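> with the sequence up front, the predicted model follows.
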Amino acid sequence: MSKAENSSKMKVEVWSDIMCPFCYIGKRHYESALAKFNNASHIDIVWKSYQLDPTIPEDVEKRMTTPEYLSTRKGMPLQQVEAMQQQVTLMAAKAGLEYHLDDAVVYNSFKAHRVIQLAKTKGWGDKAEELFFHAHFTLNKDLGDTDTLVEVGKEVGLSAEEVHEALTNENYAYEVKQDIQEAQQIGVRGVPFFVFNRKYAISGAQPVEAFVETLEKSYAEWQKDNPTGGLEITDGNVCTPDGDCQ
């Protein structure tokens, strides 16, 4: 079990791709719900890798912008795509996020997912997701570029050597592929996809209230099966078996 996972807490698993605009919005909606949830300290979030388009070439001379990519892939006029993106940008703003979709570049996200998998082993999965989302949607970084991954990885807390380890050690590639395979097995058709205690799921950037309701319902059931899971200890003066009293 990685340090990011804690068996004494209820797990919320999230399948996500860092190039998915609704994934970042969904993250904010979930966080807003968690802030309203009385037992937030007993929830452990586990981020799972997912690729919306694994066919994107990893190495190209010039990256397409998001509008160019969507126009080509969907066969839609560029003007129509830009209008759609304006609506997404407004939705993001309501969640407190700053999007610059017209200048965002498109890359194969597999390498970025490898780095996030390594960050998860250190308990930094949520921090990594946040910084990678911000780098893509707000700063328009090319996270398909190794030097950029090192740069953002350092912000997460990883060393340059650790980022290169993530990109060369096939164990991290395996973890990415396992997450994607698991998504297929449980019926994930799009992201974000939130799974609560392996019993309830929320697909998409649903309203905050939907997350609150699902958190309350799933946690109440989890707590019945884990009666000691909610134990909180207030420290005071104690004596230990080794004779130390303080």
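Cool, the structure landed.
> count of residues packed around residue 165?
16 (other C-beta atoms under 10 Å). Using the backbone N, CA and C atoms, a C-beta is placed for each residue, glycine as well.
> how long is stretch 67-82 from one end to the other?
Terminal residues of stretch 67-82 lie 6 Å apart, using C-alpha to C-alpha, to the nearest Å.
> tell me where the chain has strands.
In the chain, the strands defined using DSSP state E lie at 10-16, 43-49, 193-196, 200-203.
> where are the low-confidence patches of this structure?
1-7, 228-246 (pLDDT under 70).
> and if we set it to 90?
1-8, 59-62, 226-246 (pLDDT under 90).
> coming back round to it: save the strands of the chain as CSV, and put in distance to residue 186 too.
CSV is the format used below for the strands of the chain (distance: least, C-beta to C-beta, whole Å):
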stretch, distance to residue 186
strand 10-16, 9
strand 43-49, 10
strand 193-196, 7
strand 200-203, 8
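> now those strands in TSV, with mean neighbour count and distance to residue 73?
Below are the strands of the chain laid out as TSV (neighbours: other C-beta atoms under 10 Å; distance: least, C-beta to C-beta, whole Å):
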stretch	mean neighbour count	distance to residue 73
strand 10-16	22	20
strand 43-49	21	21
strand 193-196	22	21
strand 200-203	17	21
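> of these, which is nearest residue 129?
Each of those has some distance to residue 129 by C-beta to C-beta; the shortest is strand 43-49, at 5.1 Å.
> neighbours of residue 137, how many?
26.
> who's in contact with it?
Contacts for residue 137 (C-beta atoms under 8 Å, 6 or more residues apart in numbering) come out as 21, 24, 92, 97, 98, 99, 100, 101, 104.
> count of neighbours near the last one?
If you count neighbours by other C-beta under 10 Å, residue 104 ends up with 23.
> so residue 111 versus residue 172, what's the distance?
10 Å (C-beta to C-beta, to the nearest Å).
> nearest to residue 82, of the strands of the chain?
strand 10-16 (24.4 Å).
> report the inter-axis angle for the closest one versus strand 43-49.
30 degrees (axes from the mean of the first three to the mean of the last three C-alpha atoms, to 10 degrees).
> what lies in contact with strand 10-16?
Against strand 10-16 from outside (C-beta under 8 Å, 6+ apart): 5, 23, 26-27, 30, 42-50, 129, 179, 183, 188, 191-198, 215, 218-219, 222-223, 226, 229.
> from residue 216, how far off is residue 166?
From residue 166 to residue 216 the distance is 36 Å (C-beta to C-beta).
> scratch that, residue 90 is what I was asking about
Note on residue 90: its distance to residue 216, by C-beta to C-beta, is 29 Å.
> residue 131 too?
29 Å.
> and what of residue 128?
28 Å.
> of the two, who's got more company?
Taking other C-beta under 10 Å, residue 128 and residue 216 do not tie; residue 128 has more neighbours (27 against 15).
> and the residue lying closest to the more buried one once chain neighbours are set aside, what does it touch?
In this structure, residue 128 finds its nearest non-sequential neighbour in residue 119, 3.8 Å apart by C-beta to C-beta, 6 or more residues apart in numbering. Contact analysis of residue 119 by C-beta under 8 Å, 6+ apart lists 125, 127, 128, 153, 156, 157, 158.
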